[in-house]
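Student: Next input, structure requested:
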Amino acid sequence: MRDASFFQGIEHVQVPWGERSIYVPVFYYDTMRLNTVFLAPQNKLKALLPSARMHPIRVLPGQGILAISAMAYRDCDLGPYNEVAISIPFTLDRATPLFTGILRKGPEVSRIYIRHLPVNTEIARAAGVEFAGYPKFLASIEFEKQDGWISCRLAEGERHILTLSGRELEVQDAPRSRVRYFTARGGRLLCSEGITSERREATSRDAGHARLQLGDHPISQELDELGLGRLLAYQYVPSYQSILSPVLESFEV
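Tutor: Modelled structure (predicted):
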């Protein structure tokens, strides 16, 4: 049976939406995630952000970070679907000191700009676009397990975008966490919040534990031209629960 203790006491409102309804906030009851964090030139990351107020996290001199994540939402309010997120951690209005996230502790609640967010079901695409301006589009997202690896292949039509692969590592207890997701729409920055449950996860800095293969799609070209550096971190989370809020704040670009 589904364990719903993480969601107890939270008002879960059914909101009319076209010919159907949707629950707000969105509850994700069972998700698997692969997450990778790569070094990338800070000036090139800055050029991808929609506002001069946004500053990529400064990890090393001239270097920020870009995250590529693959999620299998096996049970959620929108029905099962898969998703790949390409995102840039940043701070608003003030740049971070050098070595943030390495020698200096990062923000307690991260801010992440969602650059691309392909999904493989229409309801997940439409809800994300209409409710929060997420840059979602329909794509083929297929997971495969083989020889201790999990691979996620992302494609749009016949064009391969990327394949992200990670090892199934031994997991340990991890605490509850939260992140603020930013999108841009109508000349405004929109902010939603995601809260992730306590869970079991593995984190590794071994570059041999994750692989990224780029395809021939415009997004692949964007990532190639970005000049991704070495892998800073890989996370494998076999199962967790989370809550995604509607848009909570709006900022001037």
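
Student: Which strand in the protein has the most residues?
Tutor: Secondary structure of the chain read by DSSP state E shows that its longest strand is strand 26-41.

Student: packing partners for that strand?
Tutor: On a contact count with 3 or more C-beta pairs under 8 Å, 6 or more residues apart in numbering; DSSP states H and E, strand 26-41 meets strand 63-76, strand 149-156, strand 159-167, strand 210-214, strand 231-244. In short, each C-beta sits where N, CA and C put it, glycine included.

Student: Which residues does the helix or strand that C191 is a member of contact?
Tutor: Per DSSP states H and E: C191 is located in strand 188-196. Strand 188-196 has contacts (C-beta atoms under 8 Å, 6 or more residues apart in numbering) with 50-51, 53-54, 111, 132-133, 176-184, 240-253.

Student: quick check, distance from the helix or strand containing S87 to the centre of its chain.
Tutor: According to DSSP H and E, S87 maps onto strand 81-92. A distance of 4 Å separates the centroid of the chain from that of strand 81-92, by C-alpha atoms, centre = their mean, to the nearest Å.

Student: 704 is where my numbering starts, stick with that
Tutor: I'll keep to 704 as the first residue from here, and by that count the last item is strand 784-795.

Student: between that strand and strand 862-870, how big is the angle?
Tutor: For strand 784-795 against strand 862-870, the angle by axes from the mean of the first three to the mean of the last three C-alpha atoms, to 10 degrees is 80 degrees.

Student: In strand 784-795, which residues are buried?
Tutor: 784-794 (16 or more other C-beta atoms under 10 Å).

Student: Just want the most central residue of this protein.
Tutor: A788 (4.2 Å; C-alpha atoms, centre = their mean).

Student: Now which of the contacts of strand 891-899 would you call buried?
Tutor: Neighbour counting by 16+ other C-beta under 10 Å classes 753-754, 757, 814, 835-836, 880, 882-887, 943-948, 950 among those as buried.

Student: quick revisit: turn the helices and strands packed on strand 729-744 into a markdown table, columns for mean pLDDT and distance to P719.
Tutor: Formatted as a markdown table, the helices and strands packed on strand 729-744 follow (pLDDT from 0 to 100; distance: least, C-beta to C-beta, whole Å):
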| stretch | mean pLDDT | distance to P719 |
| --- | --- | --- |
| strand 766-779 | 97 | 19 |
| strand 852-859 | 98 | 31 |
| strand 862-870 | 98 | 34 |
| strand 913-917 | 98 | 41 |
| strand 934-947 | 97 | 19 |
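
Student: Pipe these into JSON lines and attach distance to Y732 per row.
Tutor: Below are these laid out as JSON lines (distance: least, C-beta to C-beta, whole Å):
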{"stretch": "strand 766-779", "distance to Y732": "4"}
{"stretch": "strand 852-859", "distance to Y732": "20"}
{"stretch": "strand 862-870", "distance to Y732": "22"}
{"stretch": "strand 913-917", "distance to Y732": "26"}
{"stretch": "strand 934-947", "distance to Y732": "6"}
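
Student: Looking at those strands, which is nearest to E901?
Tutor: Shortest distance between E901 and the helices and strands packed on strand 729-744, using C-beta to C-beta, is found for strand 934-947: 8.3 Å.
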